[in-house]
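# Provided below are the primary sequence and the corresponding predicted coordinates.
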Amino acid sequence: SLNNKKILVVGVAYKNDVGDLRDSPSLSLINQLKKLNPKLICKILILSICTISNNTSVCISNDSFCILSEIKSKSPNHCEELIPAIEDLLCKEDKVLEDLNQVRVNVGPGNLTSIRIGLTVANLYGQFLGVEIIGVSSFHCIASICKESNKDIIVAFNIRNNNYAYAIFDKKNQMLIDYR
C-alpha cells in the first residue's frame, strides 16, 4: 500500500548534465503516481544562501529550476536580513523548514565576515534539519554558465580596493587549473 508514503523520483532528466525534462520516459511514471495520489511525489527542495556581496540573497529551488528567489538589500546587513528572508521565502511558497532536503551556500570569494554569516546560517539549518550542506564556489557558478566555451575560462572578482581573486578553468572539462 502507498498510504502515508512519499516517493522521490531522481534522475528524471535522463541526459547527462541536462536539466531539460522534455521527452523523459520518467514523466509518464510520475504522472501515473500523481493520479494515484497527488501527495505521493516528493520533490527535492533546496535552500541556497549567498552573502558574498552587499546583497543578502536566498533562493528556494528544486533540482531543476529556481522556484522563488529574493535579494533583500543593497547594504551588507546579513545578520538582520538573512533568516527573515528565508522565512519570507518559505512562507510565500507555502513551505516549512522541514520541507528542505538540502542547503547550499556560496563560499566565496567575497567579504570574509559576510561569507561567515552565510556559512553559519547554512550549517545551523543543515544540522537542525539533518540535511546535506553543500558549499558552492562563486568561481564554479560563473564558469558553469560557459559550458560550451571552446577556450579556457577566466573568472575574476574585484574583492576589494582593486585586488582581484581569479580562477582559470580548462576549456575541455572545466577543471580548475589555477586560482589566486
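Alright, I've got the coordinates. Residues are numbered from 1 along each chain as shown.
# give me the next element, helix or strand, following the lowest-mean-pLDDT helix or strand in the chain.
Sorted by mean pLDDT, DSSP states H and E, the helices and strands of the chain end with strand 41-42, the least confident at a mean of 60. Next in sequence after strand 41-42, counting helices and strands by DSSP states H and E, comes strand 46-50.
# downstream of that next one, the next helix or strand is which one?
Heading C-terminal from strand 46-50, the first helix or strand you meet, by DSSP H and E, is strand 57-61.
# now for that next one, which elements pack on it?
Here strand 57-61 touches strand 46-50, strand 66-71, helix 78-92, going by 3 or more C-beta pairs under 8 Å, 6 or more residues apart in numbering; DSSP states H and E. For the C-beta atoms, the positions are set from N, CA and C on the backbone; glycine is no exception.
# pLDDT score for Arg160?
In the prediction, the pLDDT value recorded for Arg160 is 73.
# how about the nearest residue in space to it that is not next to it in sequence, phi and psi?
Take Arg160 and drop its neighbours on the chain: the residue closest to it by C-beta to C-beta, 6 or more residues apart in numbering is Asn111, 7.7 Å away. Torsion angles at Asn111 (phi, psi; degrees, to the nearest 10) stand at phi -70, psi 120.
# quick check, Asn111 in contact with Asn55.
No. Using C-beta atoms under 8 Å, Asn111 is not in contact with Asn55, being 11.2 Å away.
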